[in-house]
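Colleague: I'll drop the sequence and a predicted model, then ask my questions.
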Amino acid sequence: MKKRIAIFASGSGSNAQKIMEHFKYSNLVEVTLVLSNNPDAYVLQRADNFEIPSHVFDRQAFYDTDEVVDILKRLDIDLVVLAGFLWLVPENLLKAFPNKIINIHPSLLPKYGGKGMYGDKVHKAVLAAGEEEHGITIHFVNENFDEGEVIHQAKFRVEPGDTLEILKFKGQQLEHQYFPKVIENLSKKYN
C-alpha cells in the first residue's frame with residue numbers, strides 16, 4: 001500500500017512541486033494533500049496542477065482546534081512534510097504524528113536556525129558571517145524551530161563573490177535533489 005504524505009507550505013512551493021513530480025507515478029508514495037496557512041500561496045496552484053486536493057487554514061484553526069489533525073487522520077496520512085512552512089507546529093499535531101513530521105531548512109543546522117530564520121534571512125546571515133560552506137538540513141520536527149533530529153545534510157562551498165541569489169540557487173538545487181529522496185527513504189521505514 002502506498003504511503004500517504006501531506007505537504008504544508010506557506011508560499012511558492014518549489015519544493016512541494018519537486019515532491020509532487022517525484023511521486024506522480026510512484027508505487028511507494030502518494031501526495032494526498034497540500035495544506036497552507038496562506039490562501040494566496042502559489043503552492044495551491046501547483047497542487048491543483050497535479051490534481052492534488054488542498055486545504056487552507058488560519059492561525060486559530062491551527063493552534064486552537066484539532067481541525068488540521070482531524071483532516072490528516074481522516075486521510076490516513078503517514079508522513080507530514082513541511083516545505084517552506086513558517087509556523088511552529090503545535091503540540092496536538094506533534095503528538096498525533098510522533099517522528100512523522102519532517103522539515104527542510106536552508107542552512108547547515110544548528111547554524112542559522114530558529115525563530116525568524118528562514119529564506120533570504122538565512123542566506124544574508126551566512127554571507128555576513130563570511131562562511132566558507134553552506135547547505136541544507138532535512139530534520140524531524142519537534143516543539144522548537146529547527147531543533148529536531150537531523151536526517152540529512154548536504155553542503156556546498158561559498159565562493160568569493162557569491163551573492164544572495166547564487167546562495168539561494170545553490171541551496172535550492174540541493175533541496176530539490178535530496179528532499180524527495182529522503183521522503184522516499186523514510187516512507188520505506190514506516191509500516
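Modeller: Everything's here; your move.
Colleague: starting at the chain centroid, how far to the one helix or strand Glu21 maps to?
Modeller: Element membership for Glu21 (DSSP states H and E) is helix 14-23. Mean-position distance between helix 14-23 and its chain equals 11 Å (Cα atoms, centre = their mean, to the nearest Å).
Colleague: can I get it in PDB, CA atoms only?
Modeller: Extracted in PDB, the C-alpha atoms of helix 14-23 (Å, rounded to 0.1, in the frame of the first residue of the first chain):
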ATOM      1  CA  SER A  14       9.000  24.900  -5.400                       C
ATOM      2  CA  ASN A  15      10.000  22.000  -3.100                       C
ATOM      3  CA  ALA A  16       6.400  20.900  -3.000                       C
ATOM      4  CA  GLN A  17       6.400  20.900  -6.800                       C
ATOM      5  CA  LYS A  18       9.500  18.700  -6.900                       C
ATOM      6  CA  ILE A  19       8.000  16.300  -4.400                       C
ATOM      7  CA  MET A  20       4.800  16.100  -6.400                       C
ATOM      8  CA  GLU A  21       6.800  15.500  -9.600                       C
ATOM      9  CA  HIS A  22       8.900  12.800  -8.000                       C
ATOM     10  CA  PHE A  23       5.900  10.800  -6.700                       C
END
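Colleague: what helices or strands is that helix leaning on?
Modeller: strand 3-8, strand 29-36, helix 43-49, helix 164-189 (3 or more Cβ pairs under 8 Å, 6 or more residues apart in numbering; DSSP states H and E). Every residue, glycine included, has its C-beta placed from N, CA and C.
Colleague: cutoff 10 Å now
Modeller: Applying 3 or more Cβ pairs under 10 Å, 6 or more residues apart in numbering; DSSP states H and E, we find helix 14-23 packed against strand 3-8, strand 29-36, helix 43-49, strand 79-82, helix 164-189.
Colleague: I'd like the next helix or strand past the shortest one.
Modeller: Stepping forward along the backbone from strand 79-82, the first helix or strand reached (DSSP H and E) is helix 91-96.
Colleague: packing partners of that next one?
Modeller: Looks like helix 91-96 contacts helix 59-64, helix 67-74, strand 79-82 (3+ Cβ pairs under 10 Å, 6+ apart).
Colleague: ok, back up a step: and the helices and strands packed on helix 14-23: which comes nearest Ala129?
Modeller: For Ala129, the closest of the helices and strands packed on helix 14-23 is helix 164-189, at 12.0 Å, according to Cβ to Cβ.
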